[in-house]
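Undergrad: please work out how this folds:
(chains A and B)
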Amino acid sequence: MESNTYWTSLKEHMPQEDPKNRDEFSEELPLLEDIGQQGELSSGRRDFLKMLGFSVTAATLAASCETPVRKAIPYVIKPEDVTPGVATWYATTFLNGSDWCPIMVKTREGRPIKIEGNRFSSITQGGVDTKALASVLGLYHNKRLRSPMVRRGEEAQLSPITWADADSAIGGKLIANPNLRIAILTQTVMSPSTKAAVARFAERYPNTVHVAYDPVSEHHMLEANAADFGRRALPEYHLDKCKVLVSFGADYLGAWGSPIQNQKGWAAARKPSPAQPEMSRTFQFESWMSRSGANADYRIPLQPSQVAVALMQLHDLIASRTGAASVSSSSLEDAQAGERLKMAAENLLENRGSSAVLCGIADRDAQIICNNINRMLGNYGKTIRWERNCLIKQGNDEQLASLMADMKAGRVDMLFMHGCNPVYDVPGFADALAGVETSVSTAISADETARLSSFVLPEHHVLESWGDAEPYTGVYSLIQPTIRPLFDTRQFPQSLLNWAGVEMKWYDFMAEYWKNNILAAELSAERAWTHALQHGVYEPNSHSGWRNPAGEDAAYTPTISVAEAASRFRQKGLASGGDVQVVLFENALIGNGAYTDNPWLQESLDSITKVCWDNYAMVNPAWAREQGLGDGDHIKLSSNAGSITVPVLLQPGQVRGCLSIAVGYGRTATGHEVTNNGVNAYALMDASRSNVFGASWAREAGNTAFARNQIYDSLFDDSKTKRPHVKETTLEEYRKDPMAGNRDRLPLLGHLNSFYPDRYANKNGFHWGMAVDLNTCMGCNACHVSCQSENNIPVVGKKEMARKHDMHWMRIDRYYAGSEDNPEVVFQPMMCQHCDQAPCENVCPVAATNHSAEGLNQMAYNRCIGTRYCANNCPYKVRRFNWFDYMGADSFGTFNDRDPLMQNGEKGMLSELTRMVLNPDVTVRSRGVMEKCSFCVQRIQESKLYAKMEGRQMVDGDVKTACQTACPTGAITFGNMFDNNSEVYKLSENNERAFRVIEEFHTLPSVTYLTKVRNKKLADHIHEVPFEGTLDQA
Amino acid sequence: MGHAFVSPIREPLITGRKTYKQITDDICGPVEGPPTKSWLAAISFTAVVALIGFATIGYSILYGIGTYGLDRTIGWGWDITNFVWWVGIGHAGTLISAILLLFRQKWRTGVNRSAEAMTIFAVMCAGMFPLIHMGRIWLMFFVFPYPNSRGPLWVNFNSPLLWDVFAISTYFTVSLLFWYAGLIPDLATVRDRVTGKWQKMLYSIFSFGWRGSAKEWQRFESLSLILAGLAAPLVLSVHTIVSFDFATSVIPGWHTTIFPPYFVAGAIFSGFAMVLTLMLVARKLLKLEDYITIAHIESMNKVIVLTGSIVGVAYITELFMAWYSGSPYEGYAFRNRVSGPYWWAYWAMMTCNVVSPQFFWVKALRRNVIFTFILSIFINIGMWFERFVIIVISLHRDMLPSAWSYYVPTWVEVTIFIGTLGFFMTCFLLFVKVAPVVAVAEVKSILKTSGDQYITETPEQVEAGIKGLAQSSGHYESLIKPQYDDE
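TA: Presented below is the predicted three-dimensional model:
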């Protein structure tokens, strides 16, 4: 009789159901087939002897060949928290002046290698920008100062000094004369503890002034708010609550205000669904093609002076309907722009309390007018709130001017310049600096300011620092070190404490400040501190019911009447004088100049101009042709402050008679020739530091060849047939038909058949897929910088970029439609589509690129022989070939390394220090190898291993690709397409807006795009009109 | 029995009323004598060019394919253009030696040896490009399917590039065997004639002990037929497979079913052009006008006008299909060919390949040596442009306009190409110095079998020929009789 088998649990009964017991390699490794049946050794004694003989010989041969010695030093004692191969994440904050972003830092074996956004922050909600993402490369910048430096006498060169000597030299001067007239110049200081340290220093040395300025200033807006609300701060903009958004030159998706927060809010209001076919409508009145303008529903190009007129006219349009006093504006020169303005006014009036008017004009009176418009619309307290002050920009241009006057007059004895580079970004500062006896810079590398200072006391990199930030009142984030300081550097507040005679470590000072002030209300300050440190943010009141310390919303109590402001503004005019109007702007991608030495940012192609490694004066194409100017031709621009020679770039959408130049380039002391590129546009700014002014121009000899990787701007070909790679519709149509703009997909879907059996028919396991929402992609490049950081993508330099040897695994395609003067713009992130019928796979002679069982198109770098056939046959052109040894990874030695930062025989990107940024989970590719987006396969594998260790199934959201985590607007979704509950499945399979690029070629891509919906009237939608710009032939 | 009058239907395949000995003397003479100054000068020049080419290849291997003008959109440029061009050139040799042998075209014997040699050298040049264009040439053995310790990891049998590996290597092997088999009796002839010790020894080795026995001749004939039978399909298959590199892809302008016949016709077209270019020079320098006659040139020009017209029809068919298919990508690809940034390349191709061969409808031009030479150069250039047009113009603007690009070669690519020309010419010059440039044995076989009366040979020419012969041999009287007597 058979005995029953008793089982005690389901796991025991069906062990294969337990995920722990499941093999993560669903395909068998083919090794055993070759070895033969295990356990049955067929070899006998003779075979054994043969094998023995062979292995001894082989070992002898192998041992006698000399191989290069590489030192790997093992841990003698394993450090706590460091498990080789396992990443440790730290919550900290990226902070540099007004660039603030709570981040998570991934460290491997003690090295920070990757930055992502911190989801615990209610402000950025996990969003991150390019500057924060790339800061990890700055940590390993090989031109960082290794120790304090001093300038002896009139020497031009700085020489090293010890901290003790530096302290005694500076401290000696301080102690010798406690009444020394001291100034501390910084950018915006968001850190409350740094402010406390400054206060302690000022206590000891009462003649200390602290001046903060911002290279790209919001001084005028702050002054206007001070006049209207009694607060020298910015309000909090809730763009997610705005149904109508009208901006006058404020690049709210770019560098204006609190960018990530704005981007998040903007995106939240632009996600229509069939159930709720609603989205915001945005108007952008601007002179240059900004990121906000490129994404606006209605973009109205106007000269800067006309933008000002438009603002006043809007004021009157609103005022006339709300019964307020008019500012007697004149009307716009352009009739069509006038119509649009009326439409904007109508839309605003229909959405009182759920709209916002933003003003980017650097003029206090203009800001006062704008404040009044928002007040008339009842937006305060709803979309624009004063419950907590935004402290991201605090710079005061007037104080800067008076400080410079004092310096010139010799009224400053000692100047500390911390976290700023005024010699570069404040015209005339170098002259003023000459009047200061002792100047101290805390620059982390020998920048322009450091080179003119008496002492350079290098600061830690932010990833090595302790610190904190308060971007909004009551919202805090902490900075903690993620690595021990690489060099002999010291934080500036520590120096202040030392000199002030405070016998405290900066960390202790900061922790004590927190416990006594910020955490004072907590029951256990110690626990709260630990918790805050762990989470990187401390937002005690960020939940509902939060009120700022002052209690209530700020009341609108104008101290300057609107009429007065308007009449003054009108009188002043904007950008008067000269024959062109010039707008300087901060390119949010690369910042105000502090990050120009970062090759990742330099090489990131501006998503609108598609140029990298350069700045330029953007000009109206038709105007340029009339003047006989072509791309790259040099012109000399002279304002009343100075003049520069700058190449022009014919930019569709740029308004006639106006030139726009990005600041931040033209550095002279980044440490590398190649990053000292472009032109310093700050030189055109006069003492008012206004970014808009009149200038005169003249043709100069010379031409700059731009590194531009997209030369064709239109989706229309010569027969004016539009290629359906990007699908668009209007909200109007979308309301009627959720599949609007995407109907042409229907006949295709019925024809996506194959002779071959569907290898995914059973829909078991994983099939990785991605969905990209074209509606919320605004072209910020965060994805692409994040990808570069995650996947060890080489930097190739300007020359190589100009040869279209770009290595980026993902790019942002940008297309124009409509007129050259004011085109519609669309962005499309493009990366490997992981086609299930991949054209690249069947042409590789050695099967180096092949398909995984999980739908990934994978590359075996070791196997690749570099025929480039796969890249030729890729319809998306997303494969990237290692043309040279960009990573110093081939076996030929170093003579053929391509280091774009190589200088005087000294390595830049390939230096031992900079290579510390490499992700050990991703192979460094050698020359001659094809590479491309892997869907972050290392992250997929890591998540699988974690799920297996935890004994659970993978769930949606376990795997997030590098591009997805970086996207501030959530436009990228990744997941398992076989999971019907996954986000990506819902977006790509069950979505009327879903389409795939060139589906008709039956490549079966795994990347889905969602139709772009524009909230504009059908008649105004110009997408069916080809781009009329000239086609660049080369 | 007196000899019957045969109507003068064809021109003589060999002019000048040669005797067997004279043929041997004429053809083996340049091989046996010391190198001439002009030969030395020529080979020095071509060898230097070849060496510069190889040095440049070395440079590109040491530094990377980035030394080419290619980019992320255009993965193939001059490299694969040159590859296809050289492979195509090889085709004439195989066609002449294999297909014309099977069709019993006796005139082939005058040119087959050098055409085959040209095939081999051209395929050597061609074969270089798929290797040197690789990013990692040191791993080129990955393309061979052999049992290995990597899994074993096999090659991808779906890839046309792999088919190329087989096609080109087979082609090279068969061509080499065919050529060398034909050379053996002639090498033996040289062996028997040379006097130098080293020469004698080397020719003994390379003639494999050929004695010229009847059995050997019988086996020689069988081998020739077998190899011809093997090589004949290769004429069609090799370039068909090369065309699959493009035809099986998805790129508009590449993805075309017309490619196999179009490529084969183009290959023969370009091959004959190259044969003419070489032969017209060689016959002059080596004084082989009697063996490579105007009739040969005319025959080859007829092949050129035929294949050139086939190619022309193919070009026009492509344009028609691009329009007729209704595919916007296909349509654009061809409009872009005709009028895009590379319009000059397309029209260079059209002029050289389609328009210029049409002159050969005129008999006088077909038989004009200078004109034929110039035109053969035109066709060589045109066929190079054809491959450039197909490869680069199709790639530079494909599906996504964002990736569109423009390609200009660097000095590296140009130098490598010129280097292969130098290598090719060096090989050819070596060949004419060490081996009989016309198949001596085969030419002798056609000396008497055709009719006695030829349409263009005037009595004066006959007389002159006999006189010339008599002067060289000193047996004027004895020559006349046997030559005209076939009792």
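
Undergrad: use CA for all of it now, contacts and neighbours both
TA: Will do.

Undergrad: was I right about residue A:848 contacting residue A:859?
TA: Yes. Contact status for residue A:848 versus residue A:859: in contact at 5.9 Å, counting by Cα atoms under 8 Å.

Undergrad: now the helix or strand hosting residue B:125: average pLDDT?
TA: Under the assignment given by DSSP states H and E, the secondary-structure element containing residue B:125 is helix B:112-132. In this model, helix B:112-132 has an average pLDDT of 92.

Undergrad: more neighbours, residue A:848 and residue A:859?
TA: When residue A:848 is set against residue A:859 and neighbours are counted by other Cα atoms under 10 Å in any protein chain shown, the residue ahead is residue A:848, at 24 against 21.

Undergrad: from residue A:900, how far off is that one?
TA: 29 Å (Cα to Cα, to the nearest Å).

Undergrad: repeat for residue A:587
TA: Counting by Cα to Cα, the gap from residue A:587 to residue A:900 is 23 Å.

Undergrad: show me which of these two is the more surrounded one.
TA: In terms of neighbours (other Cα under 10 Å), residue A:900 is the more surrounded of residue A:587 and residue A:900; the figures are 23 against 20.

Undergrad: tell me the SS of the more buried one?
TA: coil (DSSP: H, G, I helix; E, B strand; the rest coil).

Undergrad: my guess is it contacts residue A:909, does it?
TA: Yes. Between residue A:900 and residue A:909 there is a contact at 7.0 Å, judged by Cα under 8 Å.

Undergrad: what is in contact with these two at once?
TA: residue A:795 (Cα atoms under 8 Å, 6 or more residues apart in numbering or on different chains).

Undergrad: OK, contacts around residue A:986?
TA: Listed by Cα under 8 Å, 6+ apart, the contact set of residue A:986 reads residue A:980.

Undergrad: where does the stretch 501-650 of chain A have low pLDDT?
TA: Judged against pLDDT under 70, the low-scoring parts of the stretch 501-650 of chain A cover residues A:541-553.

Undergrad: now the phi/psi pair for the nearest residue to residue A:643 once chain neighbours are set aside, please.
TA: Counting by Cα to Cα, 6 or more residues apart in numbering or on different chains, residue A:637 is the residue found nearest to residue A:643 once chain neighbours are left out, at 5.3 Å. Here the main-chain torsion angles of residue A:637 (degrees, to the nearest 10) amount to phi -110, psi 130.

Undergrad: which element is whichever residue of the stretch 251-400 of chain A sits closest to chain B on?
TA: Residue of the stretch 251-400 of chain A nearest chain B, by Cα to the nearest Cα: residue A:294 (17.0 Å). Counting by DSSP H and E, the secondary-structure element that holds residue A:294 is helix A:291-295.

Undergrad: next: residue A:93.
TA: With elements taken from DSSP H and E, the one containing residue A:93 is strand A:87-96.

Undergrad: now do residue A:935: how many residues are near it, please.
TA: The burial count assigned to residue A:935 is 26, neighbours taken as other Cα under 10 Å.

Undergrad: next one: the one 10 residues further on
TA: Other residues within reach of residue A:945 by the criterion other Cα under 10 Å amount to 15.

Undergrad: repeat for the one 3 residues further on
TA: Taking other Cα under 10 Å as the neighbour definition, residue A:948 ends up with a count of 19.

Undergrad: flag every buried residue along stretch B:406-421.
TA: Using 16 or more other Cα atoms under 10 Å in any protein chain shown as the test for burial, stretch B:406-421 gives B:406-407, B:412-413, B:415-421.

Undergrad: what about the residue in the stretch 601-750 of chain A that chain B sits nearest to, distance to residue A:874?
TA: Sorted by distance to chain B under Cα to the nearest Cα, the residues of the stretch 601-750 of chain A start with residue A:710, at 5.5 Å. With distances defined as Cα to Cα, the gap from residue A:710 to residue A:874 amounts to 17 Å.

Undergrad: which secondary structure state is assigned to residue 274?
TA: You didn't say which chain, so I picked chain A. Assigned with three-state DSSP, residue A:274 falls in the coil class.

Undergrad: please refer instead to chain B.
TA: helix.

Undergrad: for it, give me its contacts.
TA: Under the contact definition (Cα under 8 Å, 6+ apart), the residues listed for residue B:274 are B:89, B:376-377, B:380.

Undergrad: from chain A, how far out is the residue nearest to residue B:97 when sequence neighbours are not counted?
TA: In space, not counting the residues next to it along the chain, residue B:97 is nearest to residue B:112; the distance is 5.4 Å by Cα to Cα, 6+ apart. Relative to chain A, residue B:112 is positioned 35 Å away (criterion: Cα to the nearest Cα, to the nearest Å).

Undergrad: my guess is residue B:112 contacts residue B:93, does it?
TA: Yes. With contact defined as Cα under 8 Å, residue B:112 counts as touching residue B:93 (6.5 Å).

Undergrad: quick check: residues of the stretch 451-600 of chain A near chain B?
TA: With the criterion set to Cα under 8 Å from any Cα of the partner chain, the stretch 451-600 of chain A never comes near chain B.

Undergrad: gap between the one helix or strand residue A:196 maps to and the chain center?
TA: For residue A:196, the enclosing helix or strand under DSSP H and E is helix A:192-204. Between the centre of helix A:192-204 and the centre of its host chain there is 32 Å, according to Cα atoms, centre = their mean, to the nearest Å.

Undergrad: buried set for that helix?
TA: Buried positions in helix A:192-204, judged by neighbour count with 16+ other Cα under 10 Å: A:192-194, A:197-202, A:204.

Undergrad: in a markdown table, list the residues you listed along with pLDDT and distance to chain B.
TA: Conversion of those to a markdown table gives the following (pLDDT from 0 to 100; distance: Cα to the nearest Cα, whole Å):
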| residue | pLDDT | distance to chain B |
| --- | --- | --- |
| A:192 | 94 | 47 |
| A:193 | 95 | 49 |
| A:194 | 95 | 47 |
| A:197 | 95 | 52 |
| A:198 | 95 | 52 |
| A:199 | 94 | 55 |
| A:200 | 93 | 57 |
| A:201 | 93 | 56 |
| A:202 | 93 | 57 |
| A:204 | 91 | 61 |
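
Undergrad: quick one: average confidence on stretch A:86-102?
TA: Summarised as a single mean, pLDDT over stretch A:86-102 is 93.

Undergrad: what's the end-to-end length of it?
TA: The stretch stretch A:86-102 measures 23 Å between its terminal residues, going by Cα to Cα.

Undergrad: residues in contact with the residue lying closest to residue A:812 once chain neighbours are set aside?
TA: On the basis of Cα to Cα, 6+ apart, the spatially nearest residue to residue A:812 that is not a chain neighbour turns out to be residue A:829, at 4.2 Å. In this structure, residue A:829 makes contact with A:772, A:777, A:810-813, judged by Cα under 8 Å, 6+ apart.

Undergrad: next: residue B:204.
TA: By Cα under 8 Å, 6+ apart, the residues touching residue B:204 are B:187-188, B:191.

Undergrad: one more time with 7 Å, if that's ok
TA: B:188, B:191 (Cα atoms under 7 Å, 6 or more residues apart in numbering or on different chains).

Undergrad: the residue nearest to residue A:119 when sequence neighbours are not counted is in what secondary structure piece?
TA: Taking Cα to Cα, 6+ apart as the measure, residue A:119 lies nearest to residue A:126, with 3.8 Å between them; neighbours along the chain are not counted. Mapping residue A:126 onto the secondary structure by DSSP H and E places it in no helix or strand at all.

Undergrad: pLDDT value on residue A:126, please?
TA: Note on residue A:126: pLDDT of 91.

Undergrad: pick out the residue nearest the middle of chain B.
TA: Most central in chain B under Cα atoms, centre = their mean is residue B:90, positioned 3.7 Å from the mean C-alpha point.

Undergrad: which of the three states applies to residue A:659?
TA: strand.

Undergrad: and for residue A:48?
TA: helix.

Undergrad: can you tell me how far it is from residue A:56?
TA: As for residue A:48, its distance to residue A:56 is 12 Å (criterion: Cα to Cα).

Undergrad: where does the prediction get shaky in chain B?
TA: In the predicted model of chain B, residues B:1-11, B:16, B:448-487 satisfy pLDDT under 70.
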